[in-house]
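Chemist: got a predicted structure plus its sequence, pasted below:
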Amino acid sequence: RPMVLDVETHLDDQGDFHVALSVHGAGTWSSTRCKWALAWFVCFPIALYTRLQELSQPDSIAWDETHFGKFASYYINRTYYFDVHPPLAKMIIGLAGYLTGYDGAYDFKQPGQAYGETNYLGMRACCATFGALCVPLVFMTVWRLATPGAAAIAAAMATLDASSIALSRFILLDPILLFFILAAVCALVHHRALPPSAAFTPVWWAWLVAAGMFFAGAFTSKWVGLFVYLYGGLATIADLWELLGDTAQSLWTFARHFLSRALVLIALPAILYATCFKIHFVVLSHTGPGDYFMSSSFQSTLIGNDLFNSTDPDMIAYGSVVTIRSQRYGGGLLHSHPSLYPAGMVEQQQITAYSHKDSNNLWRIKRPHGQENNTESDVLVRHGDRIRLEHVLTRRNLHSHPHPAPVTTDHQQVTGYGESGVGDVNDEWTILVDGGAAGDAVARVRTAFRLRHHTAGHTHPCVLHSDGTKLPKWGFDQVEVTCSPDLASDAALWNIEGHTNSRLPPAPVSAIAPSFFGALIELHYAMGMVNNGLVPKEGEVTSQPWQWPINYRGQRFTAWGDNDARVYLLGDPVAYAIALLCLGLVVVWLVTDALCRQRGLAELPWEVPGKQNARWACIWLLWAWGLHYLPFYLMGRVLYFHHYLPAFNISAMLTGVFLDYAAGCVQRALGRTPVLRAALIAVVVIVLIVSHSYFSCMAYGMHWPLRHYRRLQWLPSWEIA
């Protein structure tokens, strides 16, 4: 039947805008219900449409889809892989692929590779949905901090920005990460806005638990999600400090607040983080390309690995052919190849540590000089024995001499020396079992040992050492192996991994599988080491943090031929310009306002309503923006434009709050009705819509010849046309 809708609006004394909707027979909607309705039934559908539009284009691999699509395949095939990022976002993508019919058979070999008949749209749609979910979160957060007008501006910027749209349309971790970051901020803002009387009520616990879960989701997707966790920590400390100063609250009440936050914001995220890795290990139970980043004991748990249910001989003997792995987390296998060290150092054969398994990792254990004619291959190698290690393929011996190592110059150089297995006394090493005693035999996998250089041990003792230091290009970016004077270094511990000796009886591997927490620590060490090694490659186009807020340079996401659907990751120029301008104005306003209050200067009448609320909202959002942007200046790893997207969305929220407050000041200064304020906000939204219509082809794909897009190249640094 026909229904009548009445809308009532008013501004209170603090300048906050209130809405009440009433429908005949349906009661009254509060401002909160209106906020939720607009967020999820208006903002979300519009945002979803912008992300799903032309989702199939390009129909080939775009940029890092080659990695994250491949990781999805590994989850579906239950194949172990290694990556520098935590697993949650990748597991979500893999689950989306599985549920939408992707079979995990596509190889995701390289960007530009055609998908053909591969069912890839389900994974793209998953990421697009997470990207669209960010918009209602922005809207709800800003409405709670300020007014509906501010929320409209922020949501428009988040919805229409070309970089946010482009990043959401591909199989990438970033839209999922962005969702968790913004959801955590939204939950935290709503929790902090509750009145003291709501403490420990169901709604209080609901927002607090939601914040803890979303914090965990953020840093379980990517470690940069720790920035929002740090923001939450600062906000929590501020809240607890304020509670401590409230003498109306008992110390027991303060203790309850402290313990509840410790439980939900520290313990809960830690449990969820560990749980995701537990699922990761359980699902990826088969051998795969990530094996070589893990210890021998961990590899022995992977179905199909050489060490899984292996029947190679257990105890090591002279004549055995072995592979030797560094026990350092993420350590590689002792390796050599025919290439020599370059001029300027002793030009003998290179010795390195290498993560991949190949035949250049094979070494034969031989007796010391003077005992070559002893052919008893069933004599076991024991603690304190002197041995030689001959590289099987090149037949050069592991050797050291008192010359500086190539990178770690306070260590001795380690080389491959000799011809056809014949070298000199500097090829001899004493094997020292860690914690061992005379007569202790060396076993495969489970025995940790050091190799002390025998001849040098009389004057300059040193042990075979590998701490993860990378060699230059001439060393193929492999890991340096040296002879270290630190005889007790953990980086000098090794173990036998592979073992072949036809004269010894076969035996199942007796290595004890690592505990879950042992595997967790091992994996994190390797992740950190590899992440720190992600430096820009020679000739690689990257970006610097100073370029991001000014939209100096974007990034080509796809192939760039005339027949390609070219996608260029670049922020909407108008939205980014407005956000940058407002960032500067907010800083000036806050500093000026602080100086005026310090001097006791009277405030102008038209700036008072809503000022306190706007000021604190801007302060906290400015903190959030800084925590998601400034740390990148301290990073040595390779960086790209998309790293700025969380900070941009926070700056969009800041922009909405500031422009809405400024519009309110203009309206009150001119003595006009609130219609003027709404009109000014509408103008900003319309400008954003026009800019989106002009630049949106960068996100959806530029199909025409490049000359048609020269109009978009406002700056020469934009690599569009």
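Modeler: Done, it's in. Model, not experiment: these values are computed from the prediction. Numbers count the residues shown, from 1 in each chain.
Chemist: which residues of the stretch 101-250 of the chain fall in helices?
Modeler: 121-145, 148-160, 162-168, 174-192, 202-219, 226-244 (DSSP state H, counting those that start in this stretch).
Chemist: and those helices as a markdown table, adding mean pLDDT and distance to residue 546?
Modeler: Glycine gets a C-beta too; all of them are placed from N, C-alpha and C. As requested, those are exported to a markdown table (pLDDT from 0 to 100; distance: least, CB to CB, whole Å):
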| stretch | mean pLDDT | distance to residue 546 |
| --- | --- | --- |
| helix 121-145 | 96 | 25 |
| helix 148-160 | 95 | 21 |
| helix 162-168 | 95 | 17 |
| helix 174-192 | 97 | 21 |
| helix 202-219 | 97 | 25 |
| helix 226-244 | 95 | 18 |
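Chemist: now do the contacts for residue 217.
Modeler: Contacts for residue 217 were tallied using CB atoms under 8 Å, 6 or more residues apart in numbering; they are 88, 179, 180, 183, 184, 225, 272.
Chemist: looking at these, which is nearest residue 242?
Modeler: Proximity of the contacts of residue 217 to residue 242 (CB to CB) peaks at residue 184, which lies at 20.7 Å.
Chemist: low-confidence ranges in the chain?
Modeler: 1-30, 372-378, 456-459, 509-512, 536-541, 605-606, 608 (pLDDT under 70).
Chemist: most centrally placed residue in it?
Modeler: Nearest to the geometric centre of the chain sits residue 222, at 2.9 Å (CA atoms, centre = their mean).
Chemist: so how far is residue 293 from that residue?
Modeler: Going from residue 222 to residue 293 by CB to CB, to the nearest Å gives 18 Å.
Chemist: so which strand or helix has the residue nearest to residue 583 when sequence neighbours are not counted?
Modeler: If the residues on either side of it in the chain are set aside, residue 583 comes closest to residue 651, at 5.9 Å by CB to CB, 6 or more residues apart in numbering. Following DSSP states H and E, one finds residue 651 within helix 645-669.
Chemist: same check on residue 692?
Modeler: If you go by DSSP H and E, residue 692 is part of helix 674-695.
Chemist: which other helices and strands does the helix or strand that comes right after that helix contact?
Modeler: Next helix or strand after helix 674-695 toward the C-terminus (DSSP H and E): helix 697-700. Applying 3 or more CB pairs under 8 Å, 6 or more residues apart in numbering; DSSP states H and E, one finds that helix 697-700 contacts helix 162-168.
Chemist: could you pull out the strands in the stretch 301-450 of the chain for me?
Modeler: Counting by DSSP state E, counting those that start in this stretch, the stretch 301-450 of the chain has these strands, from start to end: 321-326, 333-340, 349-354, 363-366, 386-391, 397-404, 412-417, 428-433, 449-453.
Chemist: any chance of CSV for those strands, columns mean neighbour count and distance to residue 241?
Modeler: Putting the strands of the stretch 301-450 of the chain into CSV (neighbours: other CB atoms under 10 Å; distance: least, CB to CB, whole Å) gives the following:
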stretch, mean neighbour count, distance to residue 241
strand 321-326, 23, 47
strand 333-340, 20, 52
strand 349-354, 23, 49
strand 363-366, 21, 60
strand 386-391, 22, 61
strand 397-404, 21, 54
strand 412-417, 24, 55
strand 428-433, 22, 54
strand 449-453, 24, 51
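Chemist: how about CSV for these, with distance to residue 513 added?
Modeler: CSV is the format used below for those (distance: least, CB to CB, whole Å):
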stretch, distance to residue 513
strand 321-326, 16
strand 333-340, 20
strand 349-354, 23
strand 363-366, 26
strand 386-391, 28
strand 397-404, 30
strand 412-417, 32
strand 428-433, 21
strand 449-453, 20
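Chemist: how far away from the center of its chain is stretch 590-607?
Modeler: Stretch 590-607 sits 42 Å away from the centroid of its parent chain (CA atoms, centre = their mean, to the nearest Å).
Chemist: how far does it stretch from one end to the other?
Modeler: For stretch 590-607, the first-to-last residue distance is 13 Å (CA to CA, to the nearest Å).
Chemist: pull out the buried residues from that stretch.
Modeler: By neighbour count on 16 or more other CB atoms under 10 Å, the buried set for stretch 590-607 is 593, 607.
Chemist: now do it: everything it contacts.
Modeler: The contact list for stretch 590-607 (CB under 8 Å, 6+ apart) reads 611, 615, 618, 619, 622, 665, 668, 669.
Chemist: hang on, the earlier thing: buried residues in the helix holding residue 651?
Modeler: Residues 645-665, 667-668 are the ones in helix 645-669 that count as buried (16+ other CB under 10 Å).
Chemist: done for today, thanks.
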